[in-house]
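> quick one: sequence and predicted model below, then my questions.
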Amino acid sequence: MPSTREGYLWTPYGETIVVIGSGFAGPIAARNLSRDSGVRVLLLEGRDRIGGITWTANAPGEDFEMGGTWVHWKVFSSHQPHVFTEIHRYGLQSNLKTSSGTAAVGNTLYTPKDSKPGLVDTFATNAAVQNVADAFFSIDGLSSRELMPYPHDPFRLPAAWIKYNHLSAKDRLAQLLDTSQHDKDVFDAMISSFGAVPGSECGFTEVLCWYALGGHSMAGTFELAGMYKLSGGGMTSLARAILDDYRGHVLFDTVVEKIEQQGSTVVMSTKNGSQFEAKYCISTIPLMEAIRAGHIDKGSKVHFRLAKPEPGWFSMTNGYGTSPWCFAFSDHNGTTDKVDTGNFCIGFGYGAHHIDPKASTEMITTFQNNIKPGAEVTAYLTHDWANHSLAKGTWSCWGPNSNQTGRKDSFREC
């Protein structure tokens, strides 16, 4: 790209298209346009890296997914069905591996409200949760398949689910009079993983959407959401493969604050005072209505290294007590040739109980008290997504009475 000797950006004829955002949608759009149409494309990114809220860090020989992690050949955990196409395009499917705490669960723990973690029977718990799901998703004589037959096109008529959009997951559970409170509590704890909130804050229809995307079973939903991930550089390796395929320029640390249509030209103004002109602009920034409303997932994701290797385990907590932790599970026992690397696990915190990443004592003791009694934590690694100016949370999840029109516009625009 032409520039003056002083280092200022100079584009005498402007770009044909400017793409804003280099998570995954942006680089894919930029790649396709630059390769298939031959137009001049400029990619603008507000961060100092690609990937959006996915970011693979490396520490002492191990890769850690600070943001998005799990993928699937049926559907991506964040409801993006085309991700595996991109994985296969770049030959990364051979890098898939599993997380031990979801693929091979040896021990399951559950922490009731204001209580201590205790072991529960894994198979009995899974069966009970599915029994609750069978009742939970059957409403007014309609099954989950009838409520939402096309989860990737949920507004396609007839959209029977809209009638129940006002319900929270807890509201719906309260209607199940023939289900034990214990089983409803465990189900509530399990679905709290969808948005790092208890069922009182998560929409019934949001849980329904996850369930429908998972093939209308709890086992399928959790397989899609947390079993398979990329090794060999993780999600960043996929983002880099896409960017390497792009024929154009990219500018980092360039936060766009204003987009204006001036006749046949689009003018983009940035936080640092620069302006860019183009014939067209593709923005991957959420719609303003969505930005103002936000979403409910403000939870934390923390990687822990425990002193001793362990078989696969999964732990969840009741969301109506004092636990700052939502759930956690083992990931692996080390991927290097070193012995005694310990157990690497991932914990997810409730958004309402945010722990300062630098408060190591609180981080570790609350993990031990609510998730893994007796665990010897030797290190942890995290990123504060909830307080990041460009993220303002983790993956999207919606509460009851979410704006149907705004969500419909979002589906149309994506």
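Received it, and whenever you're ready, just let me know what you need.

> strands of the stretch 151-300 of the chain, residue ranges please.
For the stretch 151-300 of the chain, the strands defined by DSSP state E, counting those that start in this stretch cover 228-230, 249-251, 256-262, 265-270, 275-283, 300-306.

> so which bits of the helix or strand harbouring T366 are buried?
According to DSSP states H and E, T366 maps onto helix 360-370. Going by neighbour count (16 or more other CB atoms under 10 Å), the buried part of helix 360-370 is M363, I364, T366, F367, N369, N370. Bear in mind the C-beta positions are built from the backbone N, C-alpha and C, glycine included.

> contacts only, for the last one.
By CB atoms under 8 Å, 6 or more residues apart in numbering, N370 lies in contact with T111, P117, T317, S323, P324, W325.

> apply 10 Å and report the result again.
109, 111, 115-117, 315, 317-318, 321-326, 328, 347, 349, 353 (CB atoms under 10 Å, 6 or more residues apart in numbering).

> how close does the closest residue to it other than its chain neighbours sit to D63?
Closest residue in space to N370, ignoring its immediate chain neighbours: S323 at 4.1 Å, by CB to CB, 6 or more residues apart in numbering. Distance of S323 to D63, given as CB to CB, to the nearest Å: 28 Å.

> which of these two has more neighbours?
Neighbour comparison, S323 and D63: the larger count goes to S323, with 26 against 18 (by other CB atoms under 10 Å).

> read off the pLDDT value for the more buried one.
With respect to pLDDT, S323 scores 96.

> got the contact list for it?
S323 neighbours (CB under 10 Å, 6+ apart): 111-115, 117, 189, 316-317, 349-350, 353, 366-367, 369-371.

> what about it, which SS state?
coil (DSSP: H, G, I helix; E, B strand; the rest coil).

> backbone dihedrals for it, please?
With angles defined as degrees, to the nearest 10, S323 sits at phi -70, psi 130.

> again, but for the one 3 residues further on
Here the main-chain torsion angles of C326 (degrees, to the nearest 10) amount to phi -90, psi -60.

> and it, what does it touch?
By CB under 10 Å, 6+ apart, the neighbours of C326 are 189, 192-198, 299-300, 315-319, 347-351, 353, 370-371.

> filter these down to the buried ones and express that as a ChimeraX selection.
Of the contacts of C326, the buried ones can be selected in ChimeraX as follows, counting by 16+ other CB under 10 Å:
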select :189,192,193,194,195,196,197,198,299,300,315,316,317,318,319,347,348,349,350,351,353,370,371
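
> which of the contacts of C326 fall in helices?
A189, N370 (DSSP state H).

> my read: M316 touches T111, true?
Yes: at 7.3 Å, M316 counts as touching T111 under the criterion of CB atoms under 10 Å.

> overlap in contacts of these two?
Common neighbours of M316 and T111 (CB under 10 Å, 6+ apart) are P117, A189, S323, W325, F327, I371.

> tell me how far V105 lies from T122.
5 Å.
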